[in-house]
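Chemist: Take a look and give me a structure for this.
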Amino acid sequence: MPQPRKHQICLADTPFYHCISRCVRRAYLCGKDKLTGRSYEHRRKWVENRLLLLGQVFAVDICAYAVMHNHTHLVLHINEKQASSWTDEEVLVRWHRLHKGMICCRKYLNDKERSSLSDAELDTVSRMAKVYRKRLCDVSWFMRLLNEFIARKANQEDDCTGRFWEGRFKSQALLDEAALFACMAYVDLNPVRAGIASSPESTDFTSLKKRILLSRHGKPLKPLMPFTQTNMNRQENTLNITFSDYIELIKSTLEAKRRSGNNGFSELHSQISGFDVNVESWQCMSFEIEKRFGAKVSVEIANRRLTVV
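Modeler: Residues are numbered from 1 along each chain as shown. Below is the predicted model:
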């Protein structure tokens, strides 16, 4: 029986989550409708732009994403420590980038009007700041503000009403480092597996392509969660692998799937040796994470899945 969302998202277990949203319509989220010939490719940019905006506002780091024809994949990191460090004013400013907010909160952010607030209004501002702070490090609110925005925009363009997404998003808790990077590989390789692109680097509207473009132009990666600069000295709030090593990991994972024999597996084995996971379990997570796993993903669970006859 499916668990309530509040039981699936538990920061005591892990701050990393894989989130999937699927479109209910035949016309696709993106792509081309073969019956009418109408293209919806421009909607990919809607999703990517909204996603990156939310990443700038929320205390949620984007580890990986892929915008597909009829669904989206996200790997998110909840940065609760960052949300706790914000002042009430910072929280209100962030929330008001997405919503109008209450009148007393807007007055509080106006230096000329702040002094006119009563004690009761100031108490309300303080109380709402606590509410907004909690929401700004909440995966459910992040996904809600992503999916609702896209649904409304698509309905307006299609001149219709009704459900756009199948339902609430599906989430998977990534309980260890191997599960995290295998899931990121799964997401970044999704367009290649679907036949949309020939190589991971050539895929559009994925985090991998975005990282490559930003690094070429020397632009900051925010709100994408950065990779560590060196394997010897890991920085806080970074992914525990260098970007160059991650690209090699992606390539080795894909090559091992395409090739049979020890040559492909030996190269992949050397890439994943630091994650305390064997090749079979890695492939299980990096290619079948939706099919073989439920609400939780880890090496231990992968090993159990492989031993079940």
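Chemist: From now on I want contacts and neighbour counts done on CA atoms only, so please keep to that.
Modeler: Fine.
Chemist: Tell me how far Ser126 lies from Arg135.
Modeler: Here Ser126 is placed at a distance of 15 Å from Arg135 (Cα to Cα, to the nearest Å).
Chemist: And for Leu92?
Modeler: Taking Cα to Cα, one finds Leu92 at 12 Å from Arg135.
Chemist: neighbour-wise, which of these two wins?
Modeler: More crowded of Leu92 and Arg135, by other Cα atoms under 10 Å: Leu92, with 24 against 17.
Chemist: these two touch, right, the more buried one and Cys105?
Modeler: Yes - Leu92 is within contact range of Cys105, at 7.1 Å (criterion: Cα atoms under 8 Å).
Chemist: contacting residues around the top helix by length along the chain?
Modeler: The longest helix of the chain (DSSP state H) is helix 139-158. Residues outside helix 139-158 that contact it (Cα atoms under 8 Å, 6 or more residues apart in numbering): 9, 46-47, 50-51, 54, 58, 60, 78, 135-136, 161-165, 169.
Chemist: Selecting buried members of those residues in PyMOL, what would you type?
Modeler: Remark: buried members of those, expressed as a PyMOL selection using 16 or more other Cα atoms under 10 Å:
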select buried, resi 9+46+47+50+51+54+58+60+78+135+136+164+165+169
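Chemist: Okay, and which of the contacts of helix 139-158 map to strands?
Modeler: Mapping the contacts of helix 139-158 onto strands (DSSP state E) picks out Val60, Ile78.
Chemist: The residue nearest the centre of the chain in helix, strand or coil?
Modeler: With distances taken as Cα atoms, centre = their mean, the chain has Leu74 as the residue nearest its mean C-alpha position (2.8 Å). Three-state assignment for Leu74 (DSSP: H, G, I helix; E, B strand; the rest coil): strand.
Chemist: any idea how far it is from Arg163?
Modeler: 21 Å.
Chemist: Asp188 now?
Modeler: For Asp188 relative to Arg163 (Cα to Cα), the value is 28 Å.
Chemist: Can you show me the strands along this structure?
Modeler: Here the chain has its strands, by DSSP E, at 16-22, 60-67, 71-78, 170-174, 296-297.
Chemist: Could you check the angle the fourth one makes with strand 71-78?
Modeler: The directions of strand 170-174 and strand 71-78 differ by 40 degrees, with axes from the mean of the first three to the mean of the last three Cα atoms, to 10 degrees as the criterion.
Chemist: What lies in contact with stretch 301-309?
Modeler: So stretch 301-309 is contacted by Glu280, Ser281, Cys284, Met285, Arg292, Phe293 (Cα under 8 Å, 6+ apart).
Chemist: Quick one, which of those residues are buried?
Modeler: Ser281, Cys284, Met285, Phe293.
Chemist: Tell me who's in contact with the last one.
Modeler: So that's Phe293. Ala302.
Chemist: can we see that at 10 Å?
Modeler: Gln172, Cys284, Met285, Ile301, Ala302, Arg305 (Cα atoms under 10 Å, 6 or more residues apart in numbering).
Chemist: again with the second one
Modeler: Cys284 is in contact with Ala182, Glu290, Lys291, Arg292, Phe293, Val299, Ala302, Asn303, Arg305, Leu306, counting by Cα under 10 Å, 6+ apart.
Chemist: now the fifth one: how far from Cys183?
Modeler: In this case it means Phe293. Look at Phe293 and Cys183: by Cα to Cα, they are 11 Å apart.
Chemist: Just the ones of the contacts of helix 139-158 in helices?
Modeler: Judged by DSSP H, the subset of the contacts of helix 139-158 located in helices is Trp46, Val47, Arg50, Leu51, Leu54, Arg135.
Chemist: pLDDT score for the fourth one?
Modeler: pLDDT, Leu51: 96.
Chemist: Now for the residue lying closest to it once chain neighbours are set aside, how many residues are close by?
Modeler: Spatial nearest neighbour of Leu51, chain neighbours left out: Leu146 (6.5 Å); criterion: Cα to Cα, 6 or more residues apart in numbering. For Leu146, the neighbour count with other Cα under 10 Å is 20.
Chemist: just for this protein, where's the confidence low?
Modeler: In the predicted model, the chain carries pLDDT under 70 at residues 1-8, 25-28, 220, 231-234, 260-266, 308-309.
Chemist: In contact with the nearest residue to Leu180 once chain neighbours are set aside, which residues are there?
Modeler: Leaving aside its sequence neighbours, Leu180 sits nearest to Leu174 (Cα to Cα, 6+ apart; 5.5 Å). Counting by Cα under 10 Å, 6+ apart, Leu174 makes contact with 13-18, 75-77, 180-183, 295-299.
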